[in-house]
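S.K.: Sequence isn't available, so here's the structure alone:
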């Protein structure tokens, strides 16, 4: 939908999941949640809260279910807004021209992310003998981002200059998501790749909000050279704000985990805070092993 709601809804989708992923990254680093025995980091495993509920969360991907629901809402909304009609016909029933292309482009974008959610749910429920190839969920996510970027690239034909500038910057954020997910496939134990994917998803979501405000807000911006130039500066401010917000989130999670570790250490036969943290964080153990092997 080429209106305010049509940009805010996908913005909420990407921003919420980017925020969720960056919080997960913090807990993965400090507690090791989501790290498999091989050291690879799962895409779909939700944040564990307690050991009793963890068993249920591992068997079913609530994160994937939320992706399925959100994308279905987006698909149905886009097609309903476009009257479920792609081809307009003349009075004789012959093909005349295509209509509602924007709605079908957005529905196609949501459909690729629907497949991502479907894969993560199935992967979390099937037995070990029916598991998908390792990293198939990340490959599906990279494909979804790539198709999104392709659609937006050809979405710019015949649009005003500032509209083109806004969507070009959005494409840069999408390309960052594609590159980050592909790096995750190549380096499954790297937390930095997940942080990059989370950061670019947050940037993509916040920039959708900016596009909605500039083009369809209560006071749409005028088509001037000054406004077009300020758009690039605003994009850099989004990068700065997300960087600072991510840093604050990491610090907050560090404080929370540190307090929890102090509490557990006091009740575990005199364990120290360092021993408790190492026992809770396979990611930290894996990083120590990698550092030791590199020094040797």
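M.R.: Perfect, I can see it now. None of the values given here were measured: they were computed from a predicted structure.
S.K.: In the chain, which helix is the longest?
M.R.: For the chain, the longest helix by residue count, based on DSSP state H, is helix 225-266.
S.K.: Once you drop chain neighbours, what's closest to residue 194?
M.R.: Residue nearest to residue 194 in three dimensions, not counting chain neighbours: residue 25, with 5.4 Å by C-beta to C-beta, 6 or more residues apart in numbering. Using the backbone N, CA and C atoms, a C-beta is placed for each residue, glycine as well.
S.K.: And the contacts of stretch 149-157?
M.R.: 102, 105, 108-109, 163-164, 167-168, 170-171, 174-175, 178 (C-beta atoms under 8 Å, 6 or more residues apart in numbering).
S.K.: ok, back up a step: in contact with the residue nearest to residue 194, which residues?
M.R.: Taking C-beta under 8 Å, 6+ apart, one finds 191, 194-195, 198, 250 in contact with residue 25.
S.K.: 7 Å instead, please
M.R.: 191, 194-195, 198 (C-beta atoms under 7 Å, 6 or more residues apart in numbering).
S.K.: tell me the SS of residue 97?
M.R.: strand (DSSP: H, G, I helix; E, B strand; the rest coil).
S.K.: Isn't it up against residue 85?
M.R.: No - taking contacts as C-beta atoms under 7 Å, residue 97 lies outside contact range of residue 85: 11.5 Å.
S.K.: So which of those two has more stuff around it?
M.R.: residue 85 (13 against 8; other C-beta atoms under 10 Å).
S.K.: pretty sure the more buried one is in contact with residue 98, am I right?
M.R.: No - contact criterion C-beta under 7 Å: residue 85 and residue 98 do not qualify, at 9.7 Å.
S.K.: ok, back up a step: among the contacts of stretch 149-157, name the buried ones.
M.R.: Taking 16 or more other C-beta atoms under 10 Å as the criterion, what is buried in those is 102, 105, 109, 163, 167, 170-171, 174, 178.
S.K.: Show me which of these is closest to residue 61.
M.R.: residue 109 (21.3 Å; C-beta to C-beta).
S.K.: Show the pLDDT at that closest one.
M.R.: If you check residue 109, the pLDDT there is 91.
S.K.: What distance do you get for it to residue 62?
M.R.: 23 Å (C-beta to C-beta, to the nearest Å).
S.K.: Model confidence score at residue 161, please.
M.R.: 85.
S.K.: I misspoke; the intended subject was residue 176.
M.R.: For residue 176, the pLDDT comes out at 96.
S.K.: what helix or strand does it sit in?
M.R.: Here residue 176, judged by DSSP states H and E, is contained in helix 161-186.
S.K.: who does that helix touch, helix- and strand-wise?
M.R.: If contacts are counted by 3 or more C-beta pairs under 7 Å, 6 or more residues apart in numbering; DSSP states H and E, helix 161-186 sits against helix 136-153, helix 191-216, helix 225-266.
S.K.: and the last one, what does it pack onto?
M.R.: Same thing as helix 225-266. Looks like helix 225-266 contacts helix 4-31, helix 161-186, helix 191-216, helix 273-280 (3+ C-beta pairs under 7 Å, 6+ apart).
S.K.: Can you list the low-confidence ranges for the protein?
M.R.: The chain contains residues with pLDDT under 70 at 1-2, 31-60, 82-83, 89-96, 127-130, 261-296.
S.K.: Kindly recompute the last result at 80.
M.R.: Applying pLDDT under 80 to the chain picks out residues 1-3, 28-62, 81-100, 123-132, 157-158, 257-296.
S.K.: Can you report how many residues neighbour residue 70?
M.R.: Other residues close to residue 70 by other C-beta under 10 Å number 20.
S.K.: Now do it against residue 156, distance only.
M.R.: For residue 70 relative to residue 156 (C-beta to C-beta), the value is 26 Å.
S.K.: Likewise for residue 234?
M.R.: Distance from residue 234 to residue 156, by C-beta to C-beta: 18 Å.
S.K.: Surely residue 246 touches residue 200?
M.R.: No - the criterion here is C-beta under 7 Å, and residue 246 misses it with residue 200 at 11.5 Å.
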